[in-house]
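S.K.: Got a predicted structure plus its sequence, pasted below:
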Amino acid sequence: MRISELSERSGVAVATIKYYLREGLLHPGLTLAPNRADYDDEHVRRLRLIRALIEVGGLSIANVVQTLAAVDDESVSIHDAFGVAQDALSPATPALAPTPTSSNSPTPCTDSQLEVDRWLRRRRWKVRPDAAARTELAETLAALQQFGWGHSASLFDGLADYALEQAGLEVGYLDPRQDRSSLMEQAIIGTVAFEQAYGAIRRLALEHQSYQRFGRRRSVNA
């Protein structure tokens with residue numbers, strides 16, 4: 001197919017496709033003439049993955065390049081490629097930054113990292129030591145400590161129980177018979193979409209619980 005048809009089938013503008021070609025995100029088509037190339041279904045699948053990474057995942061071009069390199073390397077397992085994508089999807093900084101401490105005392109983040117490590121061992125979760133989400137959780141715990149929420153990662157036990165069950169459903173939905181690009185596309189979209197859904201549902205639940213405790217009129221004898 002010509003680049004115009006590739007654009008129509010993928011939903012990506014011709015100018016954007018040409019940009020992806022220049023950046024090496026999309027493999028060149030088969031050259032038929034100096035200004036004409038032929039593209040196939042593999043290019044359509046690749047563009048779908050790129051769109052998932054950029055439009056759904058919000059990844060930078062640099063992170064997209066890194067993730068696609070893992071997808072293209074057949075020596076990298078799909079599990080490890082998914083780990084690369086997971087790291088890229090993690091925010092660079094925590095929402096609540098811990099207050100700095102003196103250089104002579106252990107930082108809250110260091111203590112929290114050790115606590116998160118212990119917590120993961122107790123749960124027997126198989127997680128990479130350098131997983132970005134591991135650091136992200138430790139930074140979040142450190143911030144919570146500063147605001148009086150305690151020092152134990154057991155704060156997250158209920159969430160972890162739910163997350164493990166939900167993750168089993170999401171991973172079970174993925175079809176290993178798919179090609180690597182399609183598999184990664186589904187995994188990334190699922191990761192981002194369910195995180196957004198969880199955040200929205202949690203806020204709705206908090207509003208309900210707030211109403212239950214503070215919003216209802218209480219009787220005089222309550």
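M.R.: All right, it came through fine.

S.K.: looking just at contacts, which helices and strands does the helix or strand R22 falls within meet?
M.R.: Using DSSP states H and E, R22 maps to helix 14-23. Here helix 14-23 touches helix 3-10, helix 41-51, going by 3 or more C-beta pairs under 8 Å, 6 or more residues apart in numbering; DSSP states H and E. Where you see a C-beta, it was placed from the backbone N, CA and C, and this is true even at glycine.

S.K.: leaving aside the residues next to it on the chain, what's closest to V116?
M.R.: With C-beta to C-beta, 6 or more residues apart in numbering as the criterion, V116 has its nearest non-adjacent residue at 4.5 Å, and that residue is A138.

S.K.: okay but the one you found is in contact with S112, surely?
M.R.: Yes. With contact defined as C-beta atoms under 8 Å, A138 reaches S112; the gap is 4.2 Å.

S.K.: if we can go back for a sec, which one of the helices and strands packed on helix 14-23 is the most hemmed in?
M.R.: Ranked by average neighbour count under the criterion mean count of other C-beta atoms under 10 Å, those are headed by helix 41-51 at a mean of 19.

S.K.: how far out from the middle of the chain is that helix?
M.R.: Taking the mean of its C-alpha atoms, helix 41-51 sits 19 Å from the chain's own mean (C-alpha atoms, centre = their mean, to the nearest Å).

S.K.: Need the residues that contact whichever helix or strand comes after that helix.
M.R.: Next along the chain after helix 41-51, taking DSSP H and E as the criterion, comes helix 61-72. Identification of contacts with helix 61-72 by C-beta atoms under 8 Å, 6 or more residues apart in numbering yields 23-25, 49-50, 53-54, 59, 76, 80-81, 84-85, 88, 180-181, 184.

S.K.: That concludes my questions; thank you for your assistance.
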